[in-house]
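Enquirer: One predicted model, sequence on top.
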Amino acid sequence: MDLTMLPSLGVAGALVLVVAHLLSANHRLMTANRADRAEYLSALAARETAHAAELASVRTAHAAELAALRSRLTKLERRLGDLETELDAERDRRRAAEDAAAAARRGEPYPPPA
């Protein structure tokens, strides 16, 4: 289009050209935005998938760690029970020995008559 014809178009013609240019620019912008949004959504979906996999891995590791800790706690509780039983037996033997020593100091036969 020749620019020398612009004065003969008038105000309406100039407005039509401006509107056409704006519509064209808007179309280019929307097309570019659509492509950018598609790339963004694709990257977001990939990141969500990676995050879900990472989260599953962390949950699995956490569950394994909890199982190991529960097993260790069970073993320690069993050992503590054994040690408590052994301590009680040792206290009973010590008390019996102290009673026997006290009876010997008093000159009484051990165990005392009931």
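Expert: Yep, it's here. Numbers count the residues shown, from 1 in each chain.
Enquirer: Share the number of residues neighbouring Ala14, please.
Expert: 12 (other CB atoms under 10 Å). The way it works is simple: take the backbone N, C-alpha and C, and place the C-beta from them, glycine included.
Enquirer: measure it to His21 for me?
Expert: 11 Å (CB to CB, to the nearest Å).
Enquirer: what's the answer for His51, then?
Expert: On the measure of CB to CB, His51 and His21 end up 44 Å apart.
Enquirer: show me where pLDDT drops low in the protein?
Expert: 1-7, 9, 111-114 (pLDDT under 70).
Enquirer: hmm, 80 instead?
Expert: Within the chain, the ranges that satisfy pLDDT under 80 run 1-11, 13-14, 110-114.
Enquirer: Please enumerate the helices of it.
Expert: Taking DSSP state H to define them, one finds helices in the chain at 6-106.
Enquirer: Can you give me the neighbour number for Arg94?
Expert: With other CB under 10 Å as criterion, Arg94 counts 10.
Enquirer: likewise the one 4 residues further on?
Expert: Other residues near Glu98 number 10, with proximity taken as other CB under 10 Å.
Enquirer: mind checking how far it is from Arg105?
Expert: The value you get for Glu98 to Arg105, if CB to CB is used, is 11 Å.
Enquirer: Please apply the same query to Leu83.
Expert: 32 Å.
Enquirer: Could you check how far Gly10 is from Val16?
Expert: 10 Å.
Enquirer: Please read the previous query as pertaining to Leu87.
Expert: Where Val16 is concerned, Leu87 sits at a distance of 101 Å (CB to CB).
Enquirer: go on, Ala100?
Expert: In terms of CB to CB, Ala100 sits 122 Å off from Val16.
Enquirer: Tell me which of the two has more neighbours.
Expert: Neighbours per residue (other CB under 10 Å) separate Ala100 from Val16, with Ala100 holding more: 15 against 12.
Enquirer: excluding its backbone neighbours, what's nearest that one?
Expert: Tyr110 (4.4 Å; CB to CB, 6 or more residues apart in numbering).
Enquirer: which residues sit in contact with the one you found?
Expert: Shown in contact with Tyr110 (CB atoms under 8 Å, 6 or more residues apart in numbering): Asp99, Ala100, Ala103, Ala104.
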